[in-house]
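Colleague: Below are the sequence and a predicted model; questions follow.
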Amino acid sequence: MKKLSDLDTRIDDLYDIINGRIKTQLLLTAIELNVFDYLSTPQSGEAVAEQLNTHPMYTRFLLDGLTALHLVDKKDGCYRNHPNTRATLHSESPAYQGQMFSMMEKMSAAVLADMGHTVRFGPREKPADMSAEPIWEAYARSMANYERGGTAQKMAARIAQIEGFASFEKMLDLGGGPGLHCLATVAEHPSMQGVIFDQPAVVKVAEEFIVEYEMADRVTTMADDYVNDSIGENYDLIWASATLNVVRSDLKAVIEKIYHALKPDGVFVSLADGVTHERTRPESYVLGCMSWMFSGQDLMFDKGEIAEVMRSVGFSSVESSTVDTSMVPMELDIARK
């Protein structure tokens, strides 16, 4: 008689992976329906369905799934937002992330769905034109709440500790997107002026935030292509957050341009990814970049790559550290001319 082999297999990790699609769809559906807007106070599933005008039973299934994901708490048949959910997924929160998550999924869905074909034969079509301004405008809007949800304030406080910061007169936020990093950094200084540099459609978004935070007397914008056009000159500080990836193939030329745009003793600060373990860690960042990777765009930086180029173009000193952000660990490189 044939016996079963003596195996002791575990598939809990695999089971969690295969459930990933379900987790994603639960979150995206809740964002689409603005479910979290109705859970600031305890609500029954029926009450939520009535307010959303949705099917009561399937609304309850959705809410139970969100509870299993620890996004919602359930007690005595009533559901209520987890505290962090209220801050990040209620559409009226200044740190609302729903728009960003929906855009990330929209940009990656088609590429990842075709992964098998891509692995066999390469992509069916050319990568999306990432130079298209409507894409970057939408991205800037989606990133705004992420930045003002704590990241911009944290980085501004770190920059304010740089030796000589008190004497700085002018800073540039290169590829600044919505500009919240620039606004937060300028707010740390009594008189420094700031310039947010990005594409024309993107700086329109930044200008909205300049008005909102009443900084028009201290922060201006420049609309151009920082690879091919002038970025200005005589800056004490140039800040670049998660923007150099799109110019990775021209990195040395761009950093040389930054070097020459700084005053003597000026400082260039870069916040960017830095992958390790033969480009397989941090896990969350590598997985998050898969849609770019499978569209033929390997834009991830190896840890230390930016710092090495900084030194090669002539910066006298480079200080590097890993900082935790609300998404992934990132590399902070501070270079002095």
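Modeller: In hand now; what should we look at?
Colleague: So for the protein, which residue is the most central one in space?
Modeller: Central residue of the chain (CA atoms, centre = their mean): residue 143, 6.2 Å from the mean position.
Colleague: Surely that residue touches residue 100?
Modeller: Yes - judged on CB atoms under 8 Å, residue 143 makes contact with residue 100 at a distance of 6.3 Å. All C-beta atoms are positioned from the backbone trio N, CA, C, and that covers glycine.
Colleague: Which residue comes closest to the residue nearest to the centre of the chain once chain neighbours are left out?
Modeller: Residue nearest to residue 143 in three dimensions, not counting chain neighbours: residue 177, with 5.6 Å by CB to CB, 6 or more residues apart in numbering.
Colleague: which residues does the one you found contact?
Modeller: By CB atoms under 8 Å, 6 or more residues apart in numbering, the contact set of residue 177 is 136, 139-140, 143-144, 147, 198, 202, 205-206, 241, 243.
Colleague: Over to it. Which of the three states is it?
Modeller: coil (DSSP: H, G, I helix; E, B strand; the rest coil).
Colleague: On the pLDDT front, check it for me.
Modeller: Residue 177 is assigned 94 on the pLDDT scale.
Colleague: With the one 10 residues further on instead?
Modeller: Per-residue pLDDT puts residue 187 at 98.
Colleague: Ok, residue 130 next?
Modeller: At residue 130, the predicted lDDT confidence score is 54.
Colleague: same deal with residue 218?
Modeller: Note on residue 218: pLDDT of 98.
Colleague: for it, what are its contacts?
Modeller: Per CB under 8 Å, 6+ apart, neighbours of residue 218: 186, 192-194.
Colleague: Which members of those occur in strands, if any?
Modeller: 193-194 (DSSP state E).
Colleague: Skip the chain neighbours and tell me the closest residue to residue 182.
Modeller: What sits nearest to residue 182 in space, not counting adjacent residues and going by CB to CB, 6+ apart, is residue 173, at 3.6 Å.
Colleague: Can I take it that the one you found is in a strand?
Modeller: Yes - using three-state DSSP, the assignment for residue 173 is a strand.
Colleague: Quick check: beta-bridge partners of it?
Modeller: Going by DSSP bridges, residue 173 is paired in beta bridges with residue 196, residue 239.
Colleague: Verify the stated contact: it with residue 197.
Modeller: Yes - using CB under 8 Å, residue 173 is in contact with residue 197, at 6.6 Å.
Colleague: residue contacts, the nearest residue to residue 213 once chain neighbours are set aside?
Modeller: The shortest distance from residue 213 to any non-neighbouring residue, by CB to CB, 6+ apart, is to residue 183 (5.3 Å). Contacts here follow CB under 8 Å, 6+ apart; on that basis residue 183 touches 152, 194, 209-210, 213, 215, 219.
Colleague: looking at those residues, which has the most residues close by?
Modeller: Per-residue neighbour counts (other CB atoms under 10 Å) across the contacts of residue 183 peak at residue 194, which has 27 neighbours.
Colleague: Can you lay out the contacts of residue 218 as CSV showing distance to residue 276?
Modeller: Listed next are those as CSV, based on distance: CB to CB, whole Å:
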residue, distance to residue 276
186, 33
192, 35
193, 37
194, 33
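Colleague: So which of the contacts of residue 218 wins on neighbours?
Modeller: Going by other CB under 10 Å, residue 194 tops the contacts of residue 218 with 27 neighbours.
Colleague: Before we move on, what's the pLDDT of it?
Modeller: Predicted confidence (pLDDT) for residue 194: 98.
Colleague: do residue 278 as well
Modeller: 97.
Colleague: For it, grab the count of nearby residues.
Modeller: 7.
Colleague: What distance do you get for it to residue 120?
Modeller: According to CB to CB, to the nearest Å, residue 278 stands 24 Å off from residue 120.
Colleague: for residue 311, what are its contacts?
Modeller: By CB under 8 Å, 6+ apart, the residues touching residue 311 are 318, 335.
Colleague: how about a cut-off of 10 Å?
Modeller: Neighbour list for residue 311: 317-318, 335 [criterion: CB atoms under 10 Å, 6 or more residues apart in numbering].
Colleague: Most neighbours of all those, which one?
Modeller: In terms of neighbour count, residue 335 stands highest of those at 27 neighbours, by other CB under 10 Å.
Colleague: element containing that one?
Modeller: Element membership for residue 335, per DSSP states H and E: strand 329-336.
Colleague: mean confidence for that strand?
Modeller: Mean predicted confidence for strand 329-336 is 97.
Colleague: Next: stretch 290-307.
Modeller: For stretch 290-307, mean pLDDT is 93.
Colleague: Please identify the buried residues of it?
Modeller: 291-295, 297, 300-301, 303, 305-307 (16 or more other CB atoms under 10 Å).
Colleague: Okay then, goodbye and thanks.
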